[in-house]
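S.K.: give me coordinates for this.
(one chain, ligands or ions: 2)
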Amino acid sequence: MTDTAASPAAASPAAESPAAESAGTESAGTESAGTGPVAVPAGARGPAATARGHAALAKTHVLIEALPWLSRFQGATIVVKYGGNAMTEPALRAAFAADIVFLRYSGLRVVVVHGGGPQITAHLARLGVESTFVGGLRVTTPETMDIVRMVLLGQVNRDVVGLVNDHGPFAVGLSGEDANLFTAKRRPAIIDGQPVDVGLVGDIVKVRAETVNALLDSGKVPVIASVARGVDGGVYNVNADTAAAELAVALGATKLVVLTDVEGLYADWPASDEVLSELTITELEALLPTLASGMIPKMEACRRAVRGGVPQAHVLDGRVPHALLLEIFTDDGIGTLITPGTAVEPTVTPASAASTETGDRP
Ligand SMILES: Nc1ncnc2c1ncn2[C@@H]1O[C@H](COP(=O)(O)OP(=O)(O)O)[C@@H](O)[C@H]1O
Ligand SMILES: CC(=O)N[C@@H](CCC(=O)OP(=O)(O)O)C(=O)O
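M.R.: Ligands and ions are numbered 1, 2, ... in the order given. Modelled structure (predicted):
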């Protein structure tokens, strides 16, 4: 399933059509016990063919496992936050782009909000500027802001758009400044309950989602950098987790998925790597004051999304190839899932699964 999605051919019009695919099959005959003449590939009988048949059968299990989830997520909006730490390996980046296109072909409305923290830090280091973070937020001087904007928009956004568009004309890159998508207000970091100034860092106070909705309506995949226009007309650096959560709320998304470089939320980081697989919003809120570094904005974002009406927020390990497909289309939930805590018992039929609002994985 994922190999097909990764292939450039998967995006070609010919490959979109099952009829076109079978027309291209090399045939040795047309007889079948089914409903009519079906092309039979050359050399299709004997032990090798039986082994191929068993392998193919295993693939059908994978495909059919996806059926309830395909039904459930038809037409649903999903916001995927793609963290800078999850985009370091070229093969992983290609797998991520394939997953996004796979979701799009599967009938989901997919929006990508990307970060690029490590890429900004690397660029600043090349300029001899050290990066400082307070409570997971970059201390952003006006000079730093210029670099943040340049790296997020000129480099990371272009790279993500290009990778997705290797599969076809889907991705459209946007800044949060475009059409006033994100309006932000300066915010401090909060350390031990006290505000600490971190410069031109913003919290989003308004989302104008109509441009994103128009792109989704026309079958595109918006790819958004977390730079915002300020209420004062300035430009603000917004943490990408925060931006993704606000957009997920504004779009009425079914899911927020955050891809990062750890398996999920560790119960006792850095002492242990035991992942908390599922938390209610109340359980998360109790944990929030104990969290450190990049997990603070990430988990605050999950809290904001779920409190804002998004039924599920996930933190997934972006170092696992095709983590998105695993989470969305298989029965094995991975990473950490945050729910409102009012889980509706999942039912077994695909149709019922389609109307289940919260709680059940994925
Ligand atoms: N409880 C925790 N569980 C997992 N990771 C944690 C935790 N607390 C802090 N972290 C740190 O948060 C990091 C993820 O945040 P961040 O570096 O901002 O990632 P991204 O670039 O994906 O947004 C992890 O790599 C880890 O170092
Ligand atoms: C205010 C703030 O910290 N902004 C972030 C924006 C990029 C981001 O969030 O990138 P990741 O998702 O890769 O961490 C920064 O300057 O690093």
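
S.K.: host element of the residue nearest the centre of the chain?
M.R.: For the chain, the residue nearest the mean C-alpha position is residue 80 (2.4 Å; CA atoms, centre = their mean). Here residue 80, judged by DSSP states H and E, is contained in strand 77-82.

S.K.: contact partners of that strand?
M.R.: 96, 100, 103, 108-115, 160, 216, 240-241, 244, 247-248, 251-259, 301, 318, 324, 328 (CB atoms under 8 Å, 6 or more residues apart in numbering). In this view, the C-beta of every residue, glycine as well, is placed from N, C-alpha and C.

S.K.: next: stretch 299-310.
M.R.: By CB under 8 Å, 6+ apart, stretch 299-310 touches 81, 239, 241-242, 244-246, 248-249, 252-256, 258, 265, 281, 284-285, 287-288, 291, 312-313, 315, 338-340.

S.K.: ok, and of those residues, which contact ligand 2?
M.R.: Filtering the contacts of stretch 299-310 for proximity to ligand 2 (criterion: CB under 6 Å from any ligand atom) leaves residue 239.

S.K.: just the buried residues of the contacts of stretch 299-310.
M.R.: 81, 239, 241-242, 244-246, 248-249, 253-256, 258, 265, 281, 284, 291, 312-313, 315, 338-340 (16 or more other CB atoms under 10 Å).

S.K.: from these, which land in strands?
M.R.: 81, 255, 256, 258, 312, 313, 315, 338, 339 (DSSP state E).

S.K.: okay if I get these as CSV plus pLDDT?
M.R.: Listed next are these as CSV, based on pLDDT from 0 to 100:
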residue, pLDDT
81, 98
255, 97
256, 98
258, 97
312, 96
313, 97
315, 97
338, 97
339, 96
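
S.K.: straight-line length of stretch 131-139, end to end?
M.R.: Start-to-end span of stretch 131-139 (CA to CA, to the nearest Å) is 7 Å.

S.K.: that stretch vs ligand 2: in contact?
M.R.: Yes. Remark: stretch 131-139 sits within contact range of ligand 2 at 137, 138, by CB under 6 Å from any ligand atom.

S.K.: buried set for that stretch?
M.R.: Going by neighbour count (16+ other CB under 10 Å), the buried part of stretch 131-139 is 131, 134, 135, 136, 137, 138, 139.

S.K.: with stretch 71-85 instead?
M.R.: So stretch 71-85, judged by 16+ other CB under 10 Å, has buried residues 71-73, 76-85.
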